[in-house]
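# Task: produce atomic coordinates for the following.
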Amino acid sequence: MKTKTVTPLFTSNKIDETREFYTKHLGFEVTMDNEKYLGLRLGEDGPELAFMPEGCESWLSSSEGLFYCFPVEDVDAEHKSLLSGGAKISDGPEDMPWGERRLTLDDPNGITIYLGQRIAEPVDCAK
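Residues are numbered from 1 along each chain as shown. Coordinates of the predicted model:
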């Protein structure tokens, strides 16, 4: 298989809340929006996410254990921006033993959004 990208597709019964969350708090742009599909993209060449309403030829997805991870340059600046926009931070920001500063928040579907900034060389967490 050869491909240049992958677009996670998540079924949801919270399409309106999802659209608002990703556009307002994370800066995504809507690429397609109709009764059967919500397409979102971060920047012109950035990652894409897709959402479909439950019952639209599919079943409701489970968000249990699902993370969308976004590397960022400055977690603290993102934290400040998210708070000023009214987002609810789940955890962090904090420095992690694997050499990353991170914070998490949950989207309306319960998907964990992980923003991580490399701050040091990773340590061996098994020791």
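
# use CA for all of it now, contacts and neighbours both
Fine.

# Can you mark which positions in stretch 52-61 are buried?
The neighbour-count check on stretch 52-61 (16 or more other CA atoms under 10 Å) flags 52, 53, 54, 61 as buried.

# Which strand or helix spans the nearest residue to residue 115 once chain neighbours are set aside?
Using CA to CA, 6 or more residues apart in numbering and skipping the chain neighbours, the partner closest in space to residue 115 is residue 70 (5.0 Å). Per DSSP states H and E, residue 70 falls inside strand 67-71.

# Give the pairing partners of that strand; include direction for each.
In the sheet, strand 67-71 lines up against strand 112-118 (parallel) (DSSP bridges).

# from the middle of its chain, how far away would the strand it pairs with be?
Between the centre of strand 112-118 and the centre of its chain there are 9 Å (CA atoms, centre = their mean, to the nearest Å).

# Flag every buried residue along the strand holding residue 70.
So strand 67-71, judged by 16+ other CA under 10 Å, has zero buried residues.

# CA atoms only for that strand, dumped as CSV, please.
This file holds the C-alpha atoms of strand 67-71, laid out as CSV (Å, rounded to 0.1, in the frame of the first residue of the first chain):
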residue,chain,number,x,y,z
PHE,A,67,-6.0,10.1,21.5
TYR,A,68,-5.4,12.6,18.8
CYS,A,69,-1.8,13.7,19.3
PHE,A,70,-0.5,17.1,18.0
PRO,A,71,3.1,18.2,18.4
